[in-house]
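> give me a 3D structure for the following:
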Amino acid sequence: MKGLKVFFLLLFLAAALSAQQSQPSLSLVTVYPGNAIYSAFGHTAFRYVDKENDIDILYNFGTFDFRDPKFVPKFVQGQLDYFLGIAKFKREYKNYTLLENRSVVEQKLNLTQDEIAQIQAFLAENALPENRYYKYDFIKDNCSTRIQTVLDKTLGSDIMYDQGTIAKIGERSYREYIRYHLKKTPWFDVGIQLALGMPLDQQVLPSDSFFLPALVHDIIAGSTLSDGRQLVSSSEILFRSEADPINDPLFDPLNDPIKITPPLLLFTLMLAVELVLIYFGCKKKKGWAKKSLSCYEYTLVVLNFMFGALIFYLWFISDHTATKGNLNILWCSPLSIVFLITFFLKGNGQKILRWFSLFMAFMGILFLLIMMVGLQTTCAAFIPLLGLYIILFGRRLFTALS
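Okay, here's the model as predicted:
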């Protein structure tokens, strides 16, 4: 008789456990950075599982349409629409792991069935065609920040975010976190640092702590609910990439800011070419060197004008917020067009060239001082390039005076 009671008790426990496992669950899935440019900052999404109804899906706020014929101009203008997409988890998991070789971590959220139902209903409502679109913002509104938005609008004051982690995140600037994620893509790093403005050198505000997926993972890991429950009941590494291991985003300071990279080598070589041509053209009076130096410098000024015009556009015309207040415009300036125009002027052309060269050389030195005091920093590769332009305009100043 006693054995029969034990049997039925075990049967009851097994049934209860089976029923619990079949209940819907909600998780946060963090996909760590990959090698492709679009995956450099990682990704995060909600995973909703309802085994009883054979549902296993990702609610993904990082979706956009490559097929949009206006994709490129919208992206450049900062008007690209992102949207909340729904995809089968297995298919997306294969893409992240087999195709992209990216690490994937799942944090199962310790929520009641009512709380899960509330969040899932909110996500389903926002995935409707009339609600799904939003204007992407690099810092303020992306796939990561939308995680906080969903939790705040469903759980509200019941969720207590890990303030210790948020405070630690705030010890570093936006630019430091961005550059940390671009270590494998030095050319992309150069482009991003040229485009991003001075506000990104500020320390991360508490309200922006969710701006990167890896940071979201760390905040959620230590967060609690008002009744004392840990927000995360369990965490599992679903896939660990050997090529791109899971690193702690709360990193130590970059100890080697002058790390040798292809951009640094190229810009140093460009500076060396300028110095060699000046030596043979100005000191040794070699005709071939003078002509080569003139062509080389005008090419460099054309590039300066083109990238300066892009900086101007991103700051003053586009809707991007991260590109405002970009002091790179001091040395990489659309005003370089003045230098090019003087080539076709006679008489006062040399006078204009002299004053403009003085102005541009001063702007280059000013930006170096700005970098030194940390008002706006950039990658080390730009240092020889800055030196190149200071020498170029300085030489033209003295040539115009002679």
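> now do the SS call for Lys285.
Using DSSP: H, G, I helix; E, B strand; the rest coil, the structure places Lys285 in coil.
> list the residues that contact it.
Under the criterion of Cβ atoms under 8 Å, 6 or more residues apart in numbering, Lys285 has no neighbours. C-beta: built from backbone N, CA, C; applies to glycine.
> phi and psi next, for it.
Phi and psi for Lys285, reported as degrees, to the nearest 10, are phi 60, psi 40.
> now Ile55
According to degrees, to the nearest 10, Ile55 has phi -120, psi 130.
> now do it against Thr63, distance only.
As judged by Cβ to Cβ, to the nearest Å, Ile55 and Thr63 stand 19 Å apart.
> again with Gly78
Taken as Cβ to Cβ, the span from Gly78 to Thr63 is 18 Å.
> and what of Glu52?
According to Cβ to Cβ, Glu52 and Thr63 sit 27 Å apart.
> so what's the residue count around Gly156?
Using other Cβ atoms under 10 Å, the number of residues around Gly156 comes to 9.
> same question for Ser241.
When neighbours are defined as other Cβ under 10 Å, Ser241 has 18 of them.
> go ahead and confirm it touches Val105.
No - contact between Ser241 and Val105 fails when scored by Cβ atoms under 8 Å: they sit 11.2 Å apart.
> got any residues that touch both of those two?
Tyr32.
> what segments of the stretch 301-402 of the chain are strands?
Counting by DSSP state E, counting those that start in this stretch, one finds no strands in the stretch 301-402 of the chain.
> for the chain, same thing?
Per DSSP state E, the chain carries strands over the ranges 25-31, 43-50, 55-63, 81-88, 104-109, 133-135, 159-160, 224-225, 232-239.
> to Trp331, which of those strands lies closest?
strand 133-135 (31.3 Å; Cβ to Cβ).
> and that closest one, what does it pack onto?
strand 81-88 (3 or more Cβ pairs under 8 Å, 6 or more residues apart in numbering; DSSP states H and E).
> in a markdown table, list the strands of the chain along with mean neighbour count, mean pLDDT and distance to Leu182.
As requested, these are exported to a markdown table (neighbours: other Cβ atoms under 10 Å; pLDDT from 0 to 100; distance: least, Cβ to Cβ, whole Å):
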| stretch | mean neighbour count | mean pLDDT | distance to Leu182 |
| --- | --- | --- | --- |
| strand 25-31 | 23 | 97 | 17 |
| strand 43-50 | 22 | 97 | 16 |
| strand 55-63 | 20 | 94 | 18 |
| strand 81-88 | 17 | 93 | 21 |
| strand 104-109 | 20 | 97 | 21 |
| strand 133-135 | 14 | 91 | 24 |
| strand 159-160 | 16 | 96 | 31 |
| strand 224-225 | 16 | 97 | 33 |
| strand 232-239 | 14 | 96 | 23 |
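> distance to Asn304 added to those, as TSV?
Converted to TSV, the strands of the chain look like this (distance: least, Cβ to Cβ, whole Å):
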stretch	distance to Asn304
strand 25-31	38
strand 43-50	36
strand 55-63	35
strand 81-88	33
strand 104-109	43
strand 133-135	32
strand 159-160	49
strand 224-225	53
strand 232-239	45
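> number of residues surrounding the residue nearest to Leu386 when sequence neighbours are not counted?
Nearest residue to Leu386 in three dimensions, chain neighbours excluded: Gly364, at 5.5 Å (Cβ to Cβ, 6 or more residues apart in numbering). Neighbourhood size, Gly364 [other Cβ under 10 Å]: 23.
> tell me the centre residue of the protein?
Centroid-nearest residue in the chain: Ile178, 4.9 Å away (criterion: Cα atoms, centre = their mean).
> next one: the nearest residue to that one once chain neighbours are set aside from Ser357, what distance?
Nearest in space to Ile178, with sequence neighbours left out and distances taken as Cβ to Cβ, 6+ apart, is Ile192 at 6.5 Å. For Ile192, the distance to Ser357 (Cβ to Cβ) stands at 30 Å.
> then Lys183?
37 Å.
> more neighbours: those two, which one.
Ser357 (23 against 14).
> surely that one meets Ile391?
No - contact criterion Cβ under 8 Å: Ser357 and Ile391 do not qualify, at 11.0 Å.
> could I get stretch 335-349 in CSV with only the CA atoms?
The C-alpha trace of stretch 335-349 is given here as CSV (Å, rounded to 0.1, in the frame of the first residue of the first chain):
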residue,chain,number,x,y,z
LEU,A,335,35.8,74.8,-47.0
SER,A,336,38.7,73.1,-48.8
ILE,A,337,36.9,74.0,-51.9
VAL,A,338,38.5,77.5,-51.4
PHE,A,339,41.9,75.9,-51.8
LEU,A,340,40.9,74.3,-55.1
ILE,A,341,39.3,77.5,-56.4
THR,A,342,42.5,79.5,-56.0
PHE,A,343,44.1,77.2,-58.6
PHE,A,344,42.0,79.0,-61.3
LEU,A,345,42.4,82.5,-59.8
LYS,A,346,45.0,85.1,-60.8
GLY,A,347,46.2,88.1,-58.9
ASN,A,348,44.5,87.8,-55.5
GLY,A,349,44.6,84.0,-55.8
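> all good on my end, thank you.
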